[in-house]
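In: structure for the following, please:
(one chain, ligands or ions: 1)
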Amino acid sequence: MPVLHRPIDFMVALCSHGSFSRLRRALCAQPERACNREWDSGRLTNEYRMGFDVEERFGAPYLLMHRGDLRAAIASAVPDEIVHLDRRLVGLEQASSGVTLVFESGEPAQVDAAIGADGFHSTERDIILGPERPWFTGRVAYRTTFPASRLGDLKLDNNCKRWGPDRHIVIY
Ligand SMILES: Cc1cc2nc3c(=O)[nH]c(=O)nc-3n(C[C@H](O)[C@H](O)[C@H](O)COP(=O)(O)OP(=O)(O)OC[C@H]3O[C@@H](n4cnc5c(N)ncnc54)[C@H](O)[C@@H]3O)c2cc1C
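Out: Numbering: from 1, shown residues only. Predicted coordinates:
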């Protein structure tokens with residue numbers, strides 16, 4: 001299951017929304033525990049409870065969910081007619097009366113405020129702060145998803161990290 005980790009304040013806000021309660025019941029997994037093991041021996045080095053203890057302590061749960069489901073839940077919080085797709089932002093002009101958004105195609109839009117949420121290669125950030133070059137940490141994360149049935153008789157913990165000398169594997 002591709003999952004998203006989000007800060008607890010995001011989860012508190014999300015869980016207060018009615019449509020998310022439905023998503024949570026239908027499509028989220030809530031693991032009871034998380035654990036850490038040595039990569040080769042499998043020795044348990046640390047284990048902690050994640051289930052309702054987390055929810056009681058922080059006011060929101062730790063959940064595993066598919067990114068597409070999360071996006072759909074967020075999108076359902078606003079009426080369809082205010083969402084405009086297929087508009088690539090290429091320019092942004094700020095004046096005392098508001099902001100003009102300039103798109104690659106189509107009419108510009110006048111808005112009171114613009115919030116840039118256009119990701120890692122953000123055009124809006126480039127416009128406001130100037131272009132920045134990504135900084136490679138030297139760390140790479142490989143990911144894959146497959147049906148649990150392919151594990152056969154192999155028993156793996158749910159929500160567990162296996163730690164090697166300089167890398168680790170996360171299993172959900
Ligand atoms: C392979 C991979 C696996 C990941 N796995 C996880 C995970 O398991 N858990 C986790 O928590 N995080 C994971 N992440 C990170 C997570 O996806 C990002 O942190 C998150 O998507 C960032 O959200 P965002 O809204 O800032 O940007 P994005 O999700 O990148 O969204 C930006 C949006 O802006 C749009 N956009 C960009 N430029 C323009 C423009 N000029 N005009 C109009 N629209 C524009 C894009 O089309 C996109 O829809 C993963 C990332 C990758 C690449």
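In: helix or strand: which one has Ala73?
Out: Element membership of Ala73, judged by DSSP states H and E, is helix 67-75.
In: next: Arg57.
Out: Here Arg57 is assigned to helix 52-58, by DSSP H and E.
In: Leu44 reaches Ala34, doesn't it?
Out: No. Under the criterion of Cβ atoms under 8 Å, Leu44 makes no contact with Ala34, lying 11.5 Å away. Where you see a C-beta, it was placed from the backbone N, CA and C, and this is true even at glycine.
In: neighbour count for these two, which is higher?
Out: Ala34 (18 against 12; other Cβ atoms under 10 Å).
In: distance check, that one against Val140.
Out: Using Cβ to Cβ, to the nearest Å, Ala34 is found at 23 Å from Val140.
In: and the strands in this protein?
Out: 33-38, 44-49, 89-95, 98-103, 109-111, 160-163, 168-171 (DSSP state E).
In: nearest to the ligand, of those strands?
Out: Smallest distance to the ligand across those (Cβ to the nearest ligand atom): 3.6 Å, for strand 89-95.
In: can you pull the pLDDT of the nearest residue to Leu89 once chain neighbours are set aside?
Out: Nearest non-adjacent residue to Leu89, counting by Cβ to Cβ, 6 or more residues apart in numbering: Thr123, 5.3 Å away. Looking at Thr123, its pLDDT is 95.
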